[in-house]
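In: Generate a structure from the sequence data that follows.
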Amino acid sequence: MITLENLEKWLNAPAETEQLEFKEAKQQFDSTKLLKYCVALANEGGGYIVLGVTNKRPRQVVGSLAWSTAETLNSIKARIVNELGFRVEVTELQHPNGRVLVFEAPPRPVGRALDYEGAYLMRVGEELRPMTPDMLKRIFAEDQQDWFSQPARCNASPDDVIALLDTQTYFELLKIPYPTSRDAVLERLQSQDLIKQTAQGWTISNLTAILLAKKLNAFSPALARKAPRVVVYEGINKLQTRDDKTGNRGYAVGFDGLVGFVHSAAPQNRFIEEVVREEVKMFPKQALRELIANALVHQDFLATGTSVMIEMYSDRIEISNPGIPPIKVERFIDENRSRNEQLADIMRRFGICEEKGSGIDKVVSAAEMFQLPAPDFRVGDTRTTAVLFAHQDFADMSKTDRIRACYQHCCLLYVSNKRMSNQTLRERFRLSDSQVATVSLIIGATKEAGLIKADESESTSTRYARYLPFWA
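Out: Have a look, this model is predicted:
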């Protein structure tokens, strides 16, 4: 509980610290600036923004009328929760020189940087600035690194290592010959820091087990619970289950089998059999491969009792993983920031993950090629979900579906150094030239939603207009 005694100590502090920010705010204080300071303080371990106090020494209480009624104070509390996703405790102190308002920002979660409208903020002197890439990388690596380095098995014999890990597939994935001796296999794994030798035997880390295990449950129940689960339903809801399988192999050595199983379980896409003769499943294999790899690599390994879920319905497939992404879903196409750098790096070397975030580009491209609605990316309280939809006629698409497709199409062209136009969007929806006006309405709605903008460097003519993503 914050008291006047706390305030007196803060007033006498030699300087503003990482935990303290003083503002006079005699009459009012900008709400957006308050939210930004709360984010910056949380990113720096939590702290206080104190209104009604001068920020230069010697500090004086001058009193603040900001959010001076119960109604306005409750309103700003609600806005903080709604826009930032975390609570900030607010204390009113009645000092002899005036009212002091203290906002207490909690520390950010371990391994996660907080943002306001896509900006990861920190304080530099009296200014708010974006956090540096190095700072973000350190934050996202917190504790995940510790989890990966923790031992999954200690004191293993050479025979145990070979029995527990699928070393044959490991060498196949790297496209190098399998060594002629057991010792050479162990030496290779040790040189890549996948196993470590001690006086008592070999130590296999969680990272190595989660990648290369022949059977995850041979290590521990906790690791077994990290295995992906595939559930196939009969209809569009969870009422009737057709198949329910939980994997048991390491992510790398079991990946192709997992993708193959999911792809084979998908229904046929009768709408494109004449267009793509070699593969007519409802959900393109390339898109499934990228989304499953993303879910495995970007999950929060510190979340317990939960795993990657692949749920297939008759009209869609939902692929979800524990954890909140470090970037906004609107930037999945053009940005890449991995939560688990070690895991991502090895999966890239195995040829399972794409470099530089191009995987989502391929998902969107495959959806367009296979005449599917635009994929949807959703962030809940504890999970991130990617949704691939079955074929849908343009006439049956909702306004939201059309706007999402327009935005993703615009992004896809932009990262390919091209520009979206009415014509390219008509081609994406397989619409005729007579439907120019219909597509113009979609472009207008997407602009109104703040997702795209006109390319001012091109022609100002409506007919020849070109468009960019909002962030370009």
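
In: Can you list the residue ranges for strands in the stretch 101-250 of the chain?
Out: 121-124, 127-130, 151-156, 195-198, 201-205, 229-233, 241-246 (DSSP state E, counting those that start in this stretch).

In: now those in JSON lines, with mean pLDDT?
Out: JSON lines is the format used below for those (pLDDT from 0 to 100):
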{"stretch": "strand 121-124", "mean pLDDT": "88"}
{"stretch": "strand 127-130", "mean pLDDT": "89"}
{"stretch": "strand 151-156", "mean pLDDT": "93"}
{"stretch": "strand 195-198", "mean pLDDT": "92"}
{"stretch": "strand 201-205", "mean pLDDT": "94"}
{"stretch": "strand 229-233", "mean pLDDT": "96"}
{"stretch": "strand 241-246", "mean pLDDT": "94"}
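
In: of all the ones you listed, which lies closest to W471?
Out: Of all those, it is strand 127-130 that lies closest to W471, at 13.9 Å by CB to CB. The way it works is simple: take the backbone N, C-alpha and C, and place the C-beta from them, glycine included.

In: Partner strands of the closest one, with direction?
Out: Strand 127-130 has its sheet partners listed here by DSSP bridges as strand 121-124 (antiparallel).

In: Strands of the stretch 251-400 of the chain, start to end?
Out: 309-312, 316-322, 376-379, 383-389.

In: Mind putting these into CSV with distance to I292?
Out: Below are these laid out as CSV (distance: least, CB to CB, whole Å):
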stretch, distance to I292
strand 309-312, 7
strand 316-322, 6
strand 376-379, 14
strand 383-389, 9
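
In: Report the central residue of this structure.
Out: Per CA atoms, centre = their mean, the C-alpha nearest to the average position across the chain is that of P325, at 1.9 Å.

In: From M309, how far out is that one?
Out: Noted for P325: a distance of 16 Å to M309, by CB to CB, to the nearest Å.

In: do the same with L186
Out: For L186 relative to M309 (CB to CB), the value is 35 Å.

In: picking that back up, put together TSV for the strands of the stretch 251-400 of the chain, with distance to L223, mean pLDDT and mean neighbour count on each row.
Out: Shown next, in TSV, are those (distance: least, CB to CB, whole Å; pLDDT from 0 to 100; neighbours: other CB atoms under 10 Å):
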stretch	distance to L223	mean pLDDT	mean neighbour count
strand 309-312	17	97	21
strand 316-322	15	96	22
strand 376-379	26	93	16
strand 383-389	20	95	21
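
In: For D193, find the nearest of the ones you listed.
Out: It's strand 316-322; of the strands of the stretch 251-400 of the chain, that one is closest to D193 (CB to CB) at 25.0 Å.

In: Sketch out the helices for the stretch 251-400 of the chain, chain order is fine.
Out: 251-265, 285-298, 341-349, 358-369, 399-415 (DSSP state H, counting those that start in this stretch).

In: Would you mind finding the most buried of those?
Out: Mean neighbours per residue, mean count of other CB atoms under 10 Å, is largest over the helices of the stretch 251-400 of the chain for helix 285-298, with a mean of 24.

In: Using CSV, write out every CA atom in that helix.
Out: Extracted as CSV, the C-alpha positions of helix 285-298 are listed here (Å, rounded to 0.1, in the frame of the first residue of the first chain):
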residue,chain,number,x,y,z
LYS,A,285,0.4,-29.0,-47.7
GLN,A,286,2.8,-26.1,-47.9
ALA,A,287,0.5,-23.9,-45.7
LEU,A,288,0.0,-26.7,-43.2
ARG,A,289,3.8,-27.3,-43.0
GLU,A,290,4.5,-23.6,-42.3
LEU,A,291,1.8,-23.1,-39.8
ILE,A,292,2.6,-26.3,-37.8
ALA,A,293,6.3,-25.4,-37.8
ASN,A,294,5.5,-21.8,-36.6
ALA,A,295,3.3,-23.2,-33.8
LEU,A,296,6.0,-25.6,-32.6
VAL,A,297,8.8,-23.0,-32.7
HIS,A,298,7.0,-20.0,-31.3
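
In: For I327, see how far away the residue lying closest to V329 once chain neighbours are set aside is.
Out: Nearest non-adjacent residue to V329, counting by CB to CB, 6 or more residues apart in numbering: F377, 4.0 Å away. Distance, F377 to I327, using CB to CB: 11 Å.

In: next one: E92
Out: 37 Å.

In: same deal with S220?
Out: Distance from S220 to I327, by CB to CB: 32 Å.

In: again with Q435
Out: Going from Q435 to I327 by CB to CB gives 35 Å.

In: go on, A141?
Out: A141 is 15 Å from I327, by CB to CB.

In: cool, and V439?
Out: According to CB to CB, V439 and I327 sit 29 Å apart.

In: Those two: who's more crowded?
Out: V439 (21 against 16; other CB atoms under 10 Å).

In: In this model L425 seems to touch that one, though I could be wrong.
Out: Yes. Using CB atoms under 8 Å, V439 makes contact with L425 at a distance of 5.1 Å.

In: still on that earlier bit, need the strands of the stretch 101-250 of the chain in CSV (columns: mean neighbour count).
Out: Output for the strands of the stretch 101-250 of the chain, formatted as CSV (neighbours: other CB atoms under 10 Å):
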stretch, mean neighbour count
strand 121-124, 18
strand 127-130, 13
strand 151-156, 18
strand 195-198, 15
strand 201-205, 20
strand 229-233, 18
strand 241-246, 13
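
In: Out of those strands, which gets nearest to S68?
Out: Across these, closest to S68 is strand 127-130 (CB to CB), at 24.9 Å.

In: Any chance you could list what contacts the closest one?
Out: By CB atoms under 8 Å, 6 or more residues apart in numbering, the residues outside strand 127-130 that reach it are 36-37, 40, 119-123.

In: any idea which of those residues is closest to T3?
Out: Y37 (22.0 Å).

In: In contact with the closest one, which residues are there?
Out: Residues near Y37 by CB under 8 Å, 6+ apart: 21, 49, 103, 105, 123, 128.
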